[in-house]
Each structure stands twice: as C-alpha cells, then as structure tokens.
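Enquirer: Could you look at this predicted model? Sequence included:
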Amino acid sequence: MSLIRLQNITRSYEMGAETVHALCGVTLDIQRGEYVALMGPSGSGKSTMMNLLGCLDTPSSGTFELNGSLVSKMDDNQLAEIRNREIGFVFQSFHLLPRSTALHNVELPLVYAGIPTEERRELAKASLRHVGLGDRMLHKPNELSGGQRQRVAIARALVNNPAIMLADEPTGNLDSRTGEEIMLLFDELHRKGNTIIVVTHEEDIARHARRIIRLRDGLVAADEKNVRSMPRAMAVS
C-alpha cells in the first residue's frame, strides 16, 4: 500500500469575485522510503500541494490517503492529530523558539503527544545526536549557526518518528556550503529509511532526490526518476 495516495485532487480558492484553481485533478502515489522533490514555478500549485501533503489544508474534491488514513475527510482536530503523529516539518526559517534550548525545541512535538518528561528528554537527546548536535543541546538558537539551527529543526521533525519528513525550501536561508551540508544530511536520513519530500524551486537541491515531480498550472507536468542522484549500482540496473 502506498504511503501517500492522491486521487483526482482539486483545490480552488475564492479570491473576491474570482475562483482560483490551484490544483486541477492531481493523481499520484508516493511509496514509503521514497525521496521526492516537488518543484514548480510561482502559480504552479506547489505551495498548495505542500499544504495538502502536510495536512495543513484539505482538497476541494478528490481523495487523499496518508498511511492508510483518509485525510481528505478529516476535520481540523483530526488533521492536527495526524500532523503531529505522521509528519515532521522542516521550514526555511527554522521556526525555533528563540528563548528555548535546542533540547526543548526538539522536545515540543513530544510534549503535544503527551510523552512523559524523562522519556521525551531522552528521545530529544537521541534525535539531536542523530543530526550531529550532541554537544549543542543546551544552546539557544541565537548561539547556533544557521546550519546548526536547521539541524535542530530536522531533529525536531524526526523526534516522533513520523511517516514523512516534509521540508519547505530547507536551504533557503543558508549559504551554499551550509545548504549542501544540510542536503547531505537529508541523503543520509534517506539511506536510513526515512521518507522525505522536499519542496524547492532550486534544481541543485532537487537533484539530491530520487524522484522529481514538476507541477505546472495545477497539474503534474512531469514525474521522473532522478538517475543522477542514485548510487551507481542502482543507476545502471
């Protein structure tokens, strides 16, 4: 069974007297363990698609199944629950609490999930060590570099073992060298079995993914394997 299954998804918005058709009948599946880049120019429907995949919005029509749950029919409370359980978010602007330590920032999804204090602290420590920040747990965001802040955000996204890590322009606020380090971390996380969806407009970021889905005018314009990103043995098989 597919981890994500979209069937004939549409999403329309009322903008004054005008109706904007952001998605116009999108059908696609994403399997567990895939590494997907979602691309498209301004107005392509890319941001709308990200909001739907992240359970921040629901479609106007069509069906969306995530990990066996019919998300497209959920109410706001159910969507909030599935976001916390199934999706780890990584944003361009990090979205860290400025007065809290890296450890507390990573603990937050576990607080919302009702995990006891000692257990969530150990899980958060393990997640920070996983992204190479075992020696920065008690630092606050203003005491960390941009790359380290994004690593904290990635640790937070992973701490509750979500079905999907959804990253929106994850290197947008980083210099090119630091951005490449973050993408190499995503490569490593994918090799360890994480399902990753990166929303980006940058070709060099998308090239890290194994599959690139391109949207245009609310439709899937291209959906292709990215052979250049694959290990040599996979690429020639």
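Expert: Arrived safely, thanks for sending. Residues are numbered from 1 along each chain as shown.
Enquirer: got a list of what Ala37 touches?
Expert: Going by Cβ atoms under 8 Å, 6 or more residues apart in numbering, Ala37 touches Ile197, Val198, Val199, Thr200, Ile205, Ala206, His208, Ala209, Arg211, Ile212, Ile213, Asn226. Glycine gets a C-beta too; all of them are placed from N, C-alpha and C.
Enquirer: Check those and tell me the two furthest apart.
Expert: Farthest pair in the contacts of Ala37 (Cβ to Cβ) is Val199 and Asn226. Separation: 15.3 Å.
Enquirer: Same drill for the two, tell me which one is more crowded.
Expert: Under the neighbour definition other Cβ atoms under 10 Å, Val199 and Asn226 were set side by side, and Val199 has more, 25 against 17.
Enquirer: who does that one bridge with?
Expert: Counting by DSSP bridges, Val199 forms beta bridges with Leu38, Asp168.
Enquirer: and Cys24, which of the three is it?
Expert: Of the three states, Cys24 takes strand under DSSP: H, G, I helix; E, B strand; the rest coil.
Enquirer: Against Asp217, how distant is it?
Expert: Distance from Cys24 to Asp217, counting by Cβ to Cβ, to the nearest Å: 7 Å.
Enquirer: what about Val106, how many residues close to it?
Expert: For Val106, the neighbour count with other Cβ under 10 Å is 30.
Enquirer: Leu108 too?
Expert: Neighbour count of Leu108, defined by other Cβ under 10 Å: 18.
Enquirer: So for this protein, the centremost residue is which one?
Expert: The centroid of the chain falls nearest to Leu166 when counting by Cα atoms, centre = their mean (0.5 Å).
Enquirer: could you pull out the helices for this structure?
Expert: Along the chain, counting by DSSP state H, helices occupy 46-53, 76-86, 102-112, 117-130, 146-158, 176-191, 203-206, 232-236.
Enquirer: Could you identify which of the ones you listed is most buried?
Expert: The highest mean neighbour count among the helices of the chain, using mean count of other Cβ atoms under 10 Å, belongs to helix 146-158: a mean of 24.
Enquirer: So what sits opposite Leu6 in the bridge?
Expert: Per DSSP bridges, the residues bridged to Leu6 are Leu28, Phe64.
Enquirer: So it sits against Leu28, correct?
Expert: Yes. Contact criterion Cβ atoms under 8 Å: Leu6 and Leu28 qualify, at 5.3 Å.
Enquirer: Between these two, which is the more surrounded one?
Expert: Using other Cβ under 10 Å as the criterion, Leu6 and Leu28 rank with Leu6 on top: 25 against 15.
Enquirer: Enumerate every residue touching the more buried one.
Expert: By Cβ under 8 Å, 6+ apart, the contact set of Leu6 is Val26, Thr27, Leu28, Asp29, Leu52, Gly62, Thr63, Phe64.
Enquirer: want to try JSON lines for the helices of the chain, with mean pLDDT and distance to Met137 as columns?
Expert: Shown next, in JSON lines, are the helices of the chain (pLDDT from 0 to 100; distance: least, Cβ to Cβ, whole Å):
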{"stretch": "helix 46-53", "mean pLDDT": "93", "distance to Met137": "30"}
{"stretch": "helix 76-86", "mean pLDDT": "90", "distance to Met137": "22"}
{"stretch": "helix 102-112", "mean pLDDT": "94", "distance to Met137": "4"}
{"stretch": "helix 117-130", "mean pLDDT": "96", "distance to Met137": "5"}
{"stretch": "helix 146-158", "mean pLDDT": "95", "distance to Met137": "9"}
{"stretch": "helix 176-191", "mean pLDDT": "93", "distance to Met137": "17"}
{"stretch": "helix 203-206", "mean pLDDT": "92", "distance to Met137": "28"}
{"stretch": "helix 232-236", "mean pLDDT": "39", "distance to Met137": "36"}
